[in-house]
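Engineer: Quick one, fold the following:
(one chain, ligands or ions: 1)
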Amino acid sequence: MYAPIGIFDSGYGGLTVFRSIYERLPQYDYLYLGDNARAPYGTRSFQTVYEYTLQCVEWMFRKGCPLVILACNTASARALRTIQQQDLERIAPGKRVLGIIRPTAEVIGKYSESGVVGVLATKGTIQSQSYNVEIAHQFPDVSVYSEACPLWVPLVEAGEHESAGADYFVRQHVRNLLAHHSGIDTVLLACTHYPLLEAKIKAQLPEQVRLISQGPIVAASLADYLARHSEIERQLSQGRPPVFYTTDSPEAFDGPASRFMGAPVQSLHADLTP
Ligand code: DGL
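Structural biologist: Numbering: from 1, shown residues only. This next block holds a predicted model:
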């Protein structure tokens with residue numbers, strides 16, 4: 001029986017998380033879905049992100065995934081709780097959907113010595129205040145300063161993340177973030193697209209500031225979750241290569257996806273209609 005772990009993102013960004021998960025837990029089958037046709041999510045309303053995410057999750061359930069990871073902060077911030085609390089019982093009792101904000105918030109405070117953390121994310125994630133709330137819960141002494149970077153995801157989705165034009169927007173937002181507080185010693189890339197801009201972001205940060213990507217954090221958290229939830233773990237199938245789907249054109253997806261994965265990707269088109 002085919003029962004892969006589903007990895008979902010609005011587009012390419014989730015591949016930065018999937019890559020770490022696959023390195024850490026290569027034994028499982030995986031199904032990746034990028035909703036490239038409707039990306040970016042970060043500038044869309046709460047209701048739209050929720051509806052798009054639910055549609056994608058339902059599609060992944062129909063494909064056989066017992067567990068779906070929202071490898072997208074915007075979807076985790078705007079859709080996860082409603083799906084978990086309102087929809088799951090009705091559409092797929094026994095299946096699970098996990099996000100990536102809580103596992104990140106659980107560890108981010110440990111990276112900071114000054115107790116001042118900067119968060120770079122989409123407008124949707126920043127407006128949701130999810131990181132402020134979750135980090136305050138885990139690390140009450142840590143202060144969080146945020147900066148929304150609305151143009152970064154479109155740059156990545158358009159394949160412009162290595163262009164000279166991207167430098168301008170990266171510099172602008174990193175400067176704005178650092179201007180909030182001189183004590184920021186840890187910067188979290190709280191959007192899964194942003195690791196693709198990592199070199200440019202690093203170049204704008206003082207050397208002593210740590211830059212944290214979520215991939216390894218989410219991979220460790222998933223390994224821990226599966227160790228604690230044998231009722232889910234034993235449903236998962238193993239031994240097949242990962243399968244990639246995009247809601248847009250597979251031809252357009254495969255080139256960038258192969259670069260981001262560091263291995264050839266041949267995707268299929270996902271038609272979300274039931
Ligand atoms: N990768 C998504 C995230 O982590 C970006 C969302 C988007 O704007 O499409 O938030």
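Engineer: how far out from the middle of the chain is whichever strand or helix holds Val156?
Structural biologist: For Val156, the element it lies in under DSSP states H and E is helix 152-157. From the chain centre to the centre of helix 152-157 is a distance of 14 Å (Cα atoms, centre = their mean, to the nearest Å).
Engineer: Pull the residues that contact whatever helix or strand comes next after that helix.
Structural biologist: Sequence-wise, the next helix or strand downstream of helix 152-157 (DSSP H and E) is helix 164-180. Contacts to helix 164-180, defined as Cβ atoms under 8 Å, 6 or more residues apart in numbering, come from residues 118, 120, 145-149, 151-152, 155, 160, 184, 187, 197, 200-201, 204-206. (Each C-beta comes from the backbone N, C-alpha and C, glycine too.)
Engineer: Need the CA coordinates for the helix or strand just after helix 164-180. PDB is fine.
Structural biologist: Next in sequence after helix 164-180, counting helices and strands by DSSP H and E, comes strand 186-189. In PDB, the C-alpha atoms belonging to strand 186-189 read as follows (Å, rounded to 0.1, in the frame of the first residue of the first chain):
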ATOM      1  CA  THR A 186      19.800  35.500  15.800                       C
ATOM      2  CA  VAL A 187      17.800  35.900  12.600                       C
ATOM      3  CA  LEU A 188      15.200  33.300  11.700                       C
ATOM      4  CA  LEU A 189      14.200  32.600   8.100                       C
END
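Engineer: Packing partners of strand 186-189?
Structural biologist: Using 3 or more Cβ pairs under 8 Å, 6 or more residues apart in numbering; DSSP states H and E, the elements in contact with strand 186-189 are helix 101-108, strand 116-121, helix 198-203, strand 210-212.
Engineer: Next one: the shortest one, is it in contact with the ligand?
Structural biologist: Pointing back at strand 210-212 there. No. Remark: strand 210-212 sits outside contact range of the ligand, by Cβ under 6 Å from any ligand atom, the gap being at least 13.8 Å.
Engineer: Cool, thanks, signing off.
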